[in-house]
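> predicted coordinates and the sequence they were generated for:
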Amino acid sequence: MPDIASLTSDTDNLSTASLPIVDISPYLDPSSSASARHETAQTLDKACREFGFFYVTGHGLEMPYLKSMLKMGHSFFELPQERKDALHIFRSQDGVRGYQKIGENVTYAKRDQQEALDIYPEPANPSSEQLEGSQLWPSDEDLPGFQTAMLDYVEKMKIIGKAFMRAMSDVLGYSEIFDKLQEDNYWVLRVIGYPPLPPSFDLSQGMSCGAHTDYGCLTFLLADDFPGALQVEAKDGSWIPADPVPGAFVVNIGDIIDALTSHAYKSTYHRVIHRGNKYRVSMPFFFEPPRDMTITPIEGMVAPGDEGKIKPFVYFDHLKSMIYRHFISNEESLPDVPNANELTQRG
Ligand SMILES: O=C(O)CCC(=O)C(=O)O
Ligand SMILES: [Fe+2]
């Protein structure tokens, strides 16, 4: 893990290296040629090894549709505060799904300057166990069609996530593992709202989203077009802007693929520092393994001398411990930092 102090520097020395682009269309088109799939798989392999972050085109979702999803995200955050508070995670059956206010999300013991709605799959028999509850949704009177649109988006994104598992299988082998990664996928959809950080905001107190890696297989990010906001840590420790490319997703490797491949495909630190004068919405879709899958490094990918370094773990245990750590832990002990919304006007 990088030194946390080095993660709090400002945007001044952003590297200009851009991220690779992966056209996934051959893996979504049953009639594509073997050579087209080969080319995609090779480009993906290189992008995963060198960056762990890349852009995805050829996913089949049109720009007007993607824009309409972001617009839905904006309409959620524009609801009166009390309508959002009614969906607060602490009011949810399992205490983890629903709305979080600005500053309640915590990354490495610092408050993130974001508000968010967290959506997880609903189990057949909801209970109060962590992640086993029913989902809190805005009502149809407040936001007509919101729930249906979000769940429809999830189904579309799962198809794209599975296509990536097939591409990885083609380039790496180990088809039994990548086949399993297409069965009963768990997923998480976050809708995040970022008020701009005022120029005076002290980044040592926190950011829009502190530097972290993601927990699952792959994250597909849809975000408003604000250059410089999302930044990715490069191998040399510099920060590369992952600015939105119209119509493309920004995709990154999560901890599960990192562990399976023994860090050959790396989950990369990223952070958000959103300045300017307008409110930013992003919607990361986290494509995950089956909830009860045991993640064991693929034998043939462990470098000599590294045997046993990554201990097998169950994905769902990992997710639960990360949620506990990042969202709810140490609430009381955190310093009371004025939040960005109190300091700026929504644009
Ligand atoms: O908002 C963004 O651009 C990224 C958010 C993110 O990294 C996350 O929620 O894991
Ligand atoms: Fe992330």
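Everything's here; your move. Every value quoted in this text rests on a predicted model; they were computed, and no experiment measured them. Ligands and ions are numbered 1, 2, ... in the order given.

> mind listing what the closest residue to residue 63 other than its chain neighbours touches?
Using C-beta to C-beta, 6 or more residues apart in numbering and skipping the chain neighbours, the partner closest in space to residue 63 is residue 247 (4.8 Å). Where C-beta positions appear, they are placed from N, C-alpha and C, glycine not excepted. Residues near residue 247 by C-beta atoms under 8 Å, 6 or more residues apart in numbering: 57, 62-63, 66.

> what does the closest residue to ligand 1 within the chain show for phi and psi?
Residue nearest to ligand 1 within the chain (C-beta to the nearest ligand atom): residue 282, separated by 3.3 Å. Phi and psi for residue 282, reported as degrees, to the nearest 10, are phi -130, psi 160.

> follow-up on the earlier one: separation between the residue nearest to residue 63 and residue 139?
For residue 247, the distance to residue 139 (C-beta to C-beta, to the nearest Å) stands at 32 Å.

> after the helix ranked longest in the chain, which helix or strand is next?
The longest helix of the chain (DSSP state H) is helix 146-172. Once helix 146-172 ends, the next helix or strand along the chain (criterion: DSSP states H and E) is helix 175-180.

> tell me which residues in that following helix are buried?
Across helix 175-180, burial judged by 16 or more other C-beta atoms under 10 Å covers 177-178.

> swap in stretch 309-328?
Buried residues in stretch 309-328 (16+ other C-beta under 10 Å): 310, 313, 315-316, 318-320, 322-323, 326-328.

> and stretch 48-61, by the same measure?
48, 51-56, 58-59, 61.

> now those residues as TSV including distance to ligand 1, secondary structure and pLDDT?
As requested, those are exported to TSV (distance: C-beta to the nearest ligand atom, whole Å; DSSP: H, G, I helix; E, B strand; the rest coil; pLDDT from 0 to 100):
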residue	distance to ligand 1	secondary structure	pLDDT
48	17	helix	97
51	15	coil	91
52	13	coil	95
53	11	strand	95
54	15	strand	96
55	13	strand	97
56	15	strand	98
58	22	coil	98
59	18	coil	98
61	18	coil	98
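
> give the closest residue to residue 252 in space, chain neighbours not counted.
residue 53 (4.6 Å).

> my read: that neighbour touches residue 249, true?
No - counting by C-beta atoms under 8 Å, residue 53 stays clear of residue 249, with 11.1 Å between them.
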